[in-house]
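Visitor: Pasting the sequence and the predicted coordinates here, then a few questions.
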Amino acid sequence: MNPPIIDLRDDSTSPFARLVIVVRADPVICGHAGEARNLAEAALARGIDDVHILTWPLDRLAESGLPLKPLDRVAPYGDGIHVERPDPVGDYRVPDGRWSAGLAGRLVELVADGRPTLVMSLYLEPHTSIVVDAVDSARRAGLDPDVTTIAEAVGSDVTNVVRSCLDEGRHGAAVRLLATYLANDHVVAVSDYTRQLIVESAERIDEVMGTQFASSCRRRVGVSYPAIATDEFTTTARRVKDEVLASRGLVDDGYVLSLCRLTPAKGLDDLIRAHAEAPAARRLTLVIAGRGPDGDRLRSLADELGTGDHVRFLDDVDDDEKAGLMAGARVYALPSKPRREFVETFGISAVEALLAGSGTVITTTTGGLPEAVGSAGVLIAPDDVAALTSALDSACADARLDDAPARARVARVQAGGFDRRLVFARLHDDAVKIRAGRRADLAA
């Protein structure tokens with residue numbers, strides 16, 4: 001079981017004067033966009049007062065097809081956090097890489113002043129490649145940057161990129177990705193499940209290409225769970241719940257909630273079917289909050305099953321509403337299932353629901369979800385609509401049970417181990433040791 005929430009807000013100082021995070025940030029609907037925000041806020045509390053989030057221009061995000069939040073509803077960042085969206089380099093005659101070049105160029109400028117800088121990339125492709133390119137360029141130019149790098153691998157790095165390369169016989173691309181990952185000072189994965197995926201993929205590459213990635217990955221890759229703003233889903237959730245529910249026309253304890261990107265891997269089709277088949281659940285509204293390419297198909301499915309009037313789709317939920325919606329739900333469901341393009345390698349929203357006090361959190365044994373919810377959630381097999389129906393019906397059959405306070409304590413202890421201050425403190429302290437070791441080697 002994870003350690004309880006502790007208060008790490010102190011006056012501790014850091015040898016790093018700056019933190020830079022390269023990521024797909026807001027307004028992208030993605031748990032790791034939220035993680036970047038949480039790491040940035042935790043860095044401020046740690047004494048790093050110059051924090052930069054390097055991300056993509058808004059027009060580029062709009063063209064990408066990624067689901068986006070309403071821009072005017074994105075919560076502001078803390079003082080000292082600078083969100084930068086560098087313009088692309090070159091014109092239409094540079095068909096690709098223009099935006100990556102802009103990000104790398106800005107990172108070179110940030111590290112050129114020699115101030116001790118911690119740089120972290122979330123997602124290997126292209127963000128880690130951008131970091132390695134920028135730091136190598138600065139060093140080759142003789143700028144002598146004082147930089148320590150951390151690369152965090154998420155599930156889609158492996159399932160969507162490395163595995164695809166291996167399955168398609170594009171082994172050189174897979175070699176490049178792992179070599180770039182391991183070129184960082186500190187390498188982590190978002191769950192032990194993700195770490196195992198990385199090692200297994202490295203073994204496959206070694207067999208084909210004669211490389212030795214697997215031994216390096218076993219030795220070097222650690223686990224750093226996503227950083228979550230636990231206080232926002234405990235105190236804030238209770239404070240805003242009534243207002244949020246009133247604005248949405250919902251009743252406390254009167255709905256089932258799923259909040260995620262609308263894609264096939266999230267298992268929302270199974271959830272709609274289970275809701276239609278579970279007598280107790282069908283009396284409650286099913287609220288599906290999010291955007292994504294599967295939206296029209298899911299709406300059609302609800303209509304075909306005759307439950308369209310009992311299923312509500314919300315595509316405009318903002319950062320301030322999320323915790324309140326979770327706090328008022330009888331059930332929070334994330335019935336993810338593995339797909340070739342995506343596997344749920346942690347499950348940030350399930351942890352947030354535990355913190356917010358959702359009555360029951362139901363999810364699956366897919367990927368890293370068991371690591372996320374532990375014994376505090378109800379775990380079923382993926383793609384098992386009958387099991388999901390049974391779990392949903394049981395959770396909706398009665399009002400919240402008498403042991404709800406005890407269950408809530410278990411949930412918050414489990415989820416508290418992912419507090420952003422704890423997660424950043426571990427990453428920060430590892431980076432401090434790496435930097436100190438490198439400086440000692442140079443001095444010798």
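Guide: Yep, it's here.

Visitor: can you give me the helices in the stretch 51-200 of the chain?
Guide: Taking DSSP state H, counting those that start in this stretch as the criterion, the stretch 51-200 of the chain contains helices spanning 58-64, 98-111, 129-140, 155-156, 163-167, 171-182, 192-209.

Visitor: Any idea which of these gets closest to Arg220?
Guide: Closest approach to Arg220 among those (C-beta to C-beta): helix 171-182, 6.7 Å. C-betas here are computed from N, CA, C, even on glycine.

Visitor: comparing the helices of the stretch 51-200 of the chain, which gets the lowest mean pLDDT score?
Guide: Sorting the helices of the stretch 51-200 of the chain by mean pLDDT places helix 155-156 lowest, at a mean of 70.

Visitor: which residues sit against the strand or helix carrying Ile362?
Guide: If you go by DSSP states H and E, Ile362 is part of strand 360-364. Here strand 360-364 makes contact (C-beta atoms under 8 Å, 6 or more residues apart in numbering) with 267, 330-337, 344, 347, 350, 353-354, 369, 372-373, 376-382, 388, 391-392, 395, 411.

Visitor: show me where the stretch 301-444 of the chain has strands.
Guide: 311-314, 331-334, 360-364, 378-380 (DSSP state E, counting those that start in this stretch).

Visitor: now swap in the stretch 1-150 of the chain and tell me
Guide: For the stretch 1-150 of the chain, strands defined by DSSP E, counting those that start in this stretch occupy the ranges 18-22, 51-54, 81-84, 117-122, 147-153.

Visitor: want to throw the ones you listed into a markdown table with mean neighbour count and distance to Gln212?
Guide: Below are the strands of the stretch 1-150 of the chain laid out as a markdown table (neighbours: other C-beta atoms under 10 Å; distance: least, C-beta to C-beta, whole Å):
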| stretch | mean neighbour count | distance to Gln212 |
| --- | --- | --- |
| strand 18-22 | 26 | 27 |
| strand 51-54 | 23 | 32 |
| strand 81-84 | 17 | 37 |
| strand 117-122 | 27 | 23 |
| strand 147-153 | 27 | 18 |
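
Visitor: State the distance spanning the first to the last residue of stretch 135-150.
Guide: Terminal residues of stretch 135-150 lie 12 Å apart, using C-alpha to C-alpha, to the nearest Å.

Visitor: scratch that, stretch 153-169
Guide: Start and end residues of stretch 153-169 are separated by 22 Å (C-alpha to C-alpha).

Visitor: what's the weakest-modelled helix or strand in this protein?
Guide: helix 155-156 (a mean of 70; mean pLDDT, DSSP states H and E).

Visitor: So Val131 sits against Leu54, correct?
Guide: No. Using C-beta atoms under 8 Å, Val131 is not in contact with Leu54, being 9.3 Å away.

Visitor: one step back: among the contacts of strand 360-364, name the ones in helices.
Guide: Among the contacts of strand 360-364, DSSP state H puts 350, 353-354, 369, 372-373, 388, 391-392, 395, 411 in helices.

Visitor: Could you give me the PyMOL syntax to select whichever of those are buried?
Guide: Buried residues among the ones in helices among the contacts of strand 360-364 (16 or more other C-beta atoms under 10 Å), as a PyMOL selection:
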select buried, resi 350+353+354+369+372+373+388+391+392+395+411
